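Novice: Following is a predicted model, sequence given first.
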Amino acid sequence: MHEMRGVIKVLQSYLQGKLFRSISSLLRGYPLSYCISSLFPSISYKIGLFPRVIKAPDGSKYFCAIKDVLRVNLWDYDEYDSLESHIPRKGWIVIDVGAFCGLFSIKAARRVGLEGRVYAFEPNPMVFWWLKRNIELNRVKNIVAMPIALGSLMGYARLNIPSDNLGAASLLPSHLCRLGLRSSKNVSVKLWTLDEVFERIIKEDSADLIKIDVEGAEIDILRGASRVLRDRKIKRWIIEIHLTVNDPSSIRRYFPSIYKLKGYSYSPLGQKAIAYYQLE
């Protein structure tokens, strides 16, 4: 009987916490569907609340089945906007590596305008479909989307995709294990280096900003960017460092001494951190 009371107390506390979060979310402007789904996540999928199109506070629209990713990125905080110098501006050339469903790319495309361009790379086949659909939904004409992964070599690689979190797909099985996720399948994806992407796809003298979010494979992208780094092709870098397999100091060592790490900072966010780099 005592054990049963303990279980009931824990369950009651859990439900009260979820109810409080749902009500506070509603007051902060979350869609009602978010609040309902946070209370009853499994039911919300069964009755069709997700996947669906969600309208963001800035008027943009996103089709996505992962409600938590949308909530965190669109309402809780703008995780890539904390450094003013790294917010895209009119006419910029922006590269988005690990574009997911376009949360960063679409916002950047609107900011750079028709004078600028965004190059978005997303290897996960299902998520790339979301990305293409969201580009069409938002009627942005200045995004070039490519279904490829970036790494240290040219060729092919296996992308490990967990069924319960498509946004955490990774080239590194160890990253998923340390997150407590199990890969339900892996698919073969094209693998390019950033050097070759810059030379054969982007074909610009330089880029103003690159955002990298590749679920633990950050170091491999830098290994495949020797010419880009040597020739100072990219003025600003935002790298999401996944602390399951990397640390900020290991990333920093890959930048040659000619790079002045002006405004360098990183902010721990649970199991990841955001690092900012800028040319002098």
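Specialist: Ah, there it is.

Novice: So what touches the longest strand along the chain?
Specialist: Secondary structure of the chain per DSSP state E: the longest strand is strand 183-192. Contact partners of strand 183-192, identified using C-beta atoms under 8 Å, 6 or more residues apart in numbering, comprise 123-125, 147-151, 153-163, 173, 176, 224. C-beta: built from backbone N, CA, C; applies to glycine.

Novice: switch the cut-off to 10 Å
Specialist: The contact list for strand 183-192 (C-beta atoms under 10 Å, 6 or more residues apart in numbering) reads 121-126, 128, 146-164, 166, 168-171, 173, 176-177, 198, 200-201, 217, 220, 224.

Novice: Filter those down to the buried ones, PyMOL style.
Specialist: To isolate the buried ones among the contacts of strand 183-192 in PyMOL, judged by 16 or more other C-beta atoms under 10 Å, type:
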select buried, resi 121+122+123+124+128+146+147+148+149+150+151+152+157+159+160+161+162+166+168+169+170+171+176+198+217+220+224
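
Novice: which ones among the contacts of strand 183-192 are found in strands?
Specialist: Per DSSP E, those map to strands at 121, 146, 149-150, 155-162.

Novice: all helices of the stretch 101-250 of the chain, in order?
Specialist: 103-112, 125-137, 173-179, 194-197, 218-223, 226-230, 248-252 (DSSP state H, counting those that start in this stretch).

Novice: angle of the longest one against helix 103-112?
Specialist: Angle between the axes of helix 125-137 and helix 103-112 is 30 degrees (criterion: axes from the mean of the first three to the mean of the last three C-alpha atoms, to 10 degrees).

Novice: May I see the buried residues of helix 125-137?
Specialist: Those buried within helix 125-137 under the rule 16+ other C-beta under 10 Å are 127-128, 130-135, 137.

Novice: same question, the fifth one
Specialist: With burial defined by 16+ other C-beta under 10 Å, the residues of helix 218-223 counted as buried are 218-222.

Novice: Which strands or helices does that helix pack on?
Specialist: Applying 3 or more C-beta pairs under 10 Å, 6 or more residues apart in numbering; DSSP states H and E, one finds that helix 218-223 contacts strand 149-150, helix 194-197, strand 209-212, helix 226-230, strand 236-242, helix 248-252.

Novice: Highest mean neighbour count out of those?
Specialist: The highest average neighbour count among the helices and strands packed on helix 218-223, using mean count of other C-beta atoms under 10 Å, belongs to strand 149-150 at a mean of 26.

Novice: Could you spell out the sheet neighbours of it, each with its direction?
Specialist: Here strand 149-150 has these sheet partners by DSSP bridges: strand 183-192 (parallel).

Novice: ends of stretch 147-155, how far apart?
Specialist: 14 Å (C-alpha to C-alpha, to the nearest Å).

Novice: And for stretch 150-165?
Specialist: 20 Å.

Novice: I appreciate the help and will end here.
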